[in-house]
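Participant: sequence and computational prediction follow.
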Amino acid sequence: MLVAASVCPCPPLLVPDVAAGAAPELDAARAACTDALGVLAASRPDLLVVVGPAAESGRGPHPEGTRGSFSGFGVDLDVRLGRPTADGAHPGADGAGPASPDRELPPSLAVAAWLLERTGWSDAPVEGLGVGEPLEAERCVRTGEQIGGRAGRVALLVMGDASACRTLKAPGYLDERAKDFDALVARALGAADVAALKALDTSLAYELKAAGRAPWQVLAGAAEGAGLGGALLYDDAPYGVGYLVAAWS
């Protein structure tokens, strides 16, 4: 059963090494993410599942120990998904066994792995799941329901950005619908409103380049009947992209 969830944005710019001179601009977002992950740790889960958007090559499950890299963003920085062992290594980090697959984490899950490492996560086993933008709402919800039944106490770390169309210089240019869409999502996340997340307009989310839509609907499926309350910890649109941080418990 789902006992806690945190929602964080997933731009690689959250990683200071990637952001370089612009790193201070997202300090408040990083601090909010740290607070959100603290809620996960306090819930004492048996399993943490990290869900984030992914291109086709990164979709599907990613076991604990899977490697992620920011080399594609010009930074020599690697991360591993999950808990380090007593000697500081990660399960599968020696290149052997099922926890060290050939493929890397998609960028959203690499950012999540960085956040977990930054906060010293060691509270429960971690698994990753990359979901594709085209995944229908119904399948997202079913996936969430399945995740919620994986263990007695399940926590979710949900990665995903809101619209990318908030300003003229945004990646998706300015779309007047973006602000209202992001406000609707912010209200739903802040209130742990499962029904509102399930009802998100998938076509509009696609047009607004809201990469978090599918992961948020996975969260909605997992949280159905869990009786969690929500708190919105961050809501801003630096670089014209909506970034939201929320915690459910």
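Facilitator: Sure, I can see it.

Participant: three-state assignment of G130?
Facilitator: Assigned state for G130: strand (three-state reduction, DSSP: H, G, I helix; E, B strand; the rest coil).

Participant: that one: neighbour count?
Facilitator: By the criterion of other Cβ atoms under 10 Å, G130 has 26 neighbours. Every residue, glycine included, has its C-beta placed from N, CA and C.

Participant: measure the nearest residue to it once chain neighbours are set aside to P106 for me?
Facilitator: When the adjacent residues along the chain are set aside, G130 lies closest to A54, with 2.9 Å between them (Cβ to Cβ, 6 or more residues apart in numbering). A54 sits at a distance of 4 Å from P106 (criterion: Cβ to Cβ, to the nearest Å).

Participant: ok, E176 next?
Facilitator: Taking Cβ to Cβ as the measure, E176 and P106 are separated by 30 Å.

Participant: joint contacts of A54 and P106?
Facilitator: Here A54 and P106 share the contacting residues G130, scored by Cβ atoms under 8 Å, 6 or more residues apart in numbering.

Participant: tell me the secondary structure for L115?
Facilitator: Using three-state DSSP as the criterion, the local structure at L115 reads helix.

Participant: nope, V3 is what I meant
Facilitator: Reducing the assignment at V3 to three states with three-state DSSP gives strand.

Participant: what's the local residue count around it?
Facilitator: A total of 21 residues lie near V3 under the criterion other Cβ under 10 Å.

Participant: repeat that for D76.
Facilitator: With neighbours defined by other Cβ under 10 Å, the count for D76 comes to 8.

Participant: how much space between it and D17?
Facilitator: Spatial separation of D76 from D17 under the definition Cβ to Cβ is 9 Å.

Participant: pull up the overlap in contacts between the two.
Facilitator: Between them, D76 and D17 share these contacting residues under Cβ under 8 Å, 6+ apart: F70.

Participant: and the average pLDDT for stretch 59-77 is what?
Facilitator: Along stretch 59-77, the predicted local confidence has a mean pLDDT of 96.

Participant: quote the end-to-end distance of it.
Facilitator: One end of stretch 59-77 to the other measures 22 Å (Cα to Cα, to the nearest Å).

Participant: list the buried ones in it?
Facilitator: Using 16 or more other Cβ atoms under 10 Å as the test for burial, stretch 59-77 gives R59, H62, P63, E64, G65, T66, R67, G68, F70, V75, L77.

Participant: quick one: those as JSON lines, columns for secondary structure and distance to F181 too.
Facilitator: What follows is the buried residues of stretch 59-77, written out as JSON lines (DSSP: H, G, I helix; E, B strand; the rest coil; distance: Cβ to Cβ, whole Å):
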{"residue": "R59", "secondary structure": "coil", "distance to F181": "24"}
{"residue": "H62", "secondary structure": "strand", "distance to F181": "29"}
{"residue": "P63", "secondary structure": "coil", "distance to F181": "34"}
{"residue": "E64", "secondary structure": "coil", "distance to F181": "34"}
{"residue": "G65", "secondary structure": "coil", "distance to F181": "36"}
{"residue": "T66", "secondary structure": "coil", "distance to F181": "32"}
{"residue": "R67", "secondary structure": "strand", "distance to F181": "34"}
{"residue": "G68", "secondary structure": "strand", "distance to F181": "29"}
{"residue": "F70", "secondary structure": "coil", "distance to F181": "29"}
{"residue": "V75", "secondary structure": "coil", "distance to F181": "31"}
{"residue": "L77", "secondary structure": "coil", "distance to F181": "32"}
